[in-house]
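>>> using only what follows, build the 3D model:
(one chain, ligands or ions: 1)
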Amino acid sequence: MRVSIDSDVCIGSGMCALTAPSVFTQDDDGFGTVRPGRADGGGDPLVKEAVRSCPVQAVTVAED
Ligand code: SF4
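Sure, this is the predicted structure:
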């Protein structure tokens, strides 16, 4: 699994970080980012929930 956020699309709602905080956080400007070393999703089942929670579909998950 490879998790990414399209920073051109993210509006900084924070839903990803609220939904799966082990994988996502927010940068100083409030935009969503994938935590360092967590681009593989860390086995967290909440990642797919975070994909659904993003209001602008900025979070994507590619299966290996
Ligand atoms: S849920 Fe989507 S819009 Fe909100 S911070 Fe995360 S990536 Fe950005």
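
>>> pLDDT of the longest helix seen in the chain, averaged?
What stands out as the longest helix in the chain, according to DSSP state H, is helix 46-53. Within the predicted structure, the mean pLDDT of helix 46-53 is 98.

>>> chain center to that helix, what's the gap?
The gap between the average C-alpha position of helix 46-53 and the chain average comes to 8 Å, counting by Cα atoms, centre = their mean, to the nearest Å.

>>> what's it packed up against?
Helix 46-53 is packed against helix 15-19, strand 59-62, with contacts defined by 3 or more Cβ pairs under 8 Å, 6 or more residues apart in numbering; DSSP states H and E. Quick note: C-beta positions are derived from backbone N, CA and C, even for glycine.

>>> tell me the most buried of the ones you listed?
Compared across the helices and strands packed on helix 46-53, helix 15-19 shows the largest average neighbour count, a mean of 20 (mean count of other Cβ atoms under 10 Å).

>>> mind checking the SS state of Val3?
Secondary structure assignment for Val3 (DSSP: H, G, I helix; E, B strand; the rest coil): strand.

>>> tell me the spacing between it and Ile11.
18 Å (Cβ to Cβ, to the nearest Å).

>>> okay, these two: which has more neighbours?
Val3 (24 against 13; other Cβ atoms under 10 Å).

>>> for the more buried one, which residues make a bridge with it?
Here Val3 sits in beta bridges with Val61, as judged by DSSP bridges.

>>> so it touches Val59, yeah?
Yes: the pair formed by Val3 and Val59 meets the contact definition of Cβ atoms under 8 Å, at 7.2 Å.

>>> which non-adjacent residue is nearest Val47?
Nearest-residue entry for Val47: Gly41, 4.6 Å, with adjacent residues in sequence omitted and distances by Cβ to Cβ, 6 or more residues apart in numbering.
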